[in-house]
Structure formats: C-alpha cells, structure tokens
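Q: The sequence isn't on hand, but the structure is:
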C-alpha cells in the first residue's frame, strides 16, 4: 500500500497577524487568504523492515529509526515526528513500519505557510492510510496543535486552515482557538483580473519570522498601544478587502493591500529591511501601485499589484535584482490524499 497527499500553499492577502494569540484571544482576528498552485507533498509506503524511514528534502533528513510509539523530537524532521507521535497517541494506533517522503514547491521561509501546509499534508497522508475520522476542521485544529503546542513553533492559525480548505477564504479567529472558515465564491473574471494584476516575487527566505511573531505577541501582551492599534487596522483591512474583491475593484484592493503593509510594519522590528525596501522602490518605479510581503515579514515572497498592461515592464525590472518572479494561479481545492498500489507506480 502506498498513500500520497498534497496540500496547497497560500497568499496572505489581508489581516495577517490577527490570528496570532494573544491578539486573537483578546480582540478576535480576521484573515483573508487564498491558496495557489504551489504545494507540499507527502508519500507513505508500507514496509516490513521494522523501521520508520524518513526521506525529507525540505527537512534535510534522510534517516531510519527503530519502530517505536514515540519518536524523539530532536530538531531533525520535527514536523513529521510531531504528526506521527500525535496520531499514534490520540488514536491508539499500533505502530507499523513505513517510509515517509516529503518535499515542497517553495523554500522554507517563503511566507506562504509552507511549514503549516506540510503538517496538514503529512497528517492528511496518515488520515488516508489509517482511515482516521477527521474532517477539514478537525484536521486543521490538530495540525495547529501539533505545530504550535506540541512542537512550540511560533505562528498563527490561518495557515493550517488555508491548506486544509483551499480556495479564497475569509476566516474568523476567536478565543479558545475557535476558528470559523467562510469560503468565498469569487467570480472567474475577478480571479483572472487579480492574477493579471499581481506579480509574486521571491526576495529570499526569511530568517526572522519567528522573532517577528514573538515580538508581535509581546507587544500585544504588554499593551503596546501603537502596535495594537495597527493590528486593529490590519484586521479591518480584511473586511474592506473582502468587499473590494467580491466587487472586482482592483484599485481599492491595491489601496488596501498597500495600507495593510504600512500598518504591518508598525507591528514589530525586522518586518521590513533594506533588501525588501529595494524591491519596493524598484517595483514602484516600474509601475507597481502597491505591494505587501506575504507572511510574517523579513523576506520571502512579495505580492505586487500592477496595471496588467505594465506587468511585463515590472517583471523585466525585477530581473535586475537577485530574486525571481514566481508564476502562479489561484486554486480551489484544499489538502487531499489518495491510495495507490505498488503495481501502479511509474
């Protein structure tokens, strides 16, 4: 038996950071995001060698471990081990030997929710393999608990739900980790116009996302009025952008995106830097009207809005820098898994 799964990455369009505790517990968070055709992948192959073999390019781990009910979390392939430990414990599964392989389409630190999408992807493979009774909400919640609580990795809640549900979603984050996902029905011409008006540019992997998130949490806990007021405005931008998107108003969408970036920079140090500013300065001079870093900040992918007739001019200008433009399309489906048999392999 061979099981495969894939989960999409996402662009954080508006409201980013309001899904992070303690802000979401104290004030409630709102997020607008959309998945794109970049994915994380997982394969589980049953074996009979009495080992758990991990072959993970993204985690740079190629190791075999004795078959146990618990794998030590030692900083090596922590996401895979965290999912395995929780599944075995929560569902009282008798361990079986297997080989697990993972990889993804985007680099870690890209700001596209790669790590969380990978947790959802791995979990989806186990769900398919072991026939676990978990729907999208339950899988998202479990993935969140594994990453944020079991593994103590800094971040919010939106990425797990985006990967599981897929598509354009308006999400509500309430206290006690309650999340409500509201799928948006966007007309095809609006999606086409948004794709025509957006350039996705990779600056380089963020080295400071965890530190940015930790400072953001500290600012909220300590009552930093400037940071909290900025986050209130960021949350409101999710409501405003949803309305602009549903109407297909790209001018208003761009304005809100740019305003959200200006407010985000007030949330913590290191959200922007000279490398990011260089990209923005060049992009604006080549026709971009607004932009925003996807994710916590510090690097990763930048979303740039441009009048479609000037898109090629913008792309050519960005070639002068050291990053690269990533072609993409928005997608509808969320994480899913499927079974195949060894006789059907390539």
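A: That came through fine. Given the structure is predicted, the values throughout are model-derived calculations rather than measurements. Numbers count the residues shown, from 1 in each chain.

Q: quick one, phi psi at residue 20?
A: When read as degrees, to the nearest 10, the backbone of residue 20 gives phi -90, psi 130.

Q: Leaving out sequence neighbours, find the closest residue to it.
A: residue 156 (4.1 Å; C-beta to C-beta, 6 or more residues apart in numbering). Every residue, glycine included, has its C-beta placed from N, CA and C.

Q: how about the one you found, phi and psi?
A: The phi/psi pair for residue 156 (degrees, to the nearest 10) is phi -100, psi -150.

Q: mind listing what it touches?
A: Neighbouring residues of residue 156 by C-beta atoms under 8 Å, 6 or more residues apart in numbering: 16-17, 19-21, 24, 29, 173, 213.

Q: Inside strands: which ones of these?
A: Within those, residues falling in strands by DSSP state E are 29, 173.

Q: could the contacts of residue 156 go into JSON lines alongside neighbour count?
A: Rendered in JSON lines, the data for the contacts of residue 156 read as follows (neighbours: other C-beta atoms under 10 Å):
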{"residue": "16", "neighbour count": "31"}
{"residue": "17", "neighbour count": "31"}
{"residue": "19", "neighbour count": "26"}
{"residue": "20", "neighbour count": "25"}
{"residue": "21", "neighbour count": "17"}
{"residue": "24", "neighbour count": "27"}
{"residue": "29", "neighbour count": "27"}
{"residue": "173", "neighbour count": "26"}
{"residue": "213", "neighbour count": "21"}
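
Q: Quickly name whichever of the contacts of residue 156 is closest to residue 305.
A: Ranked by distance to residue 305 (C-beta to C-beta), those are led by residue 16 at 16.2 Å.

Q: I'd assumed residue 295 was in contact with the closest one.
A: Yes - counting by C-beta atoms under 8 Å, residue 16 touches residue 295, with 7.3 Å between them.

Q: after the helix or strand of the chain with the lowest mean pLDDT, next one along is what?
A: Among the helical and strand segments of the chain, the one scoring lowest on mean pLDDT, DSSP states H and E is helix 209-221, with a mean of 83. Next in sequence after helix 209-221, counting helices and strands by DSSP states H and E, comes helix 225-247.
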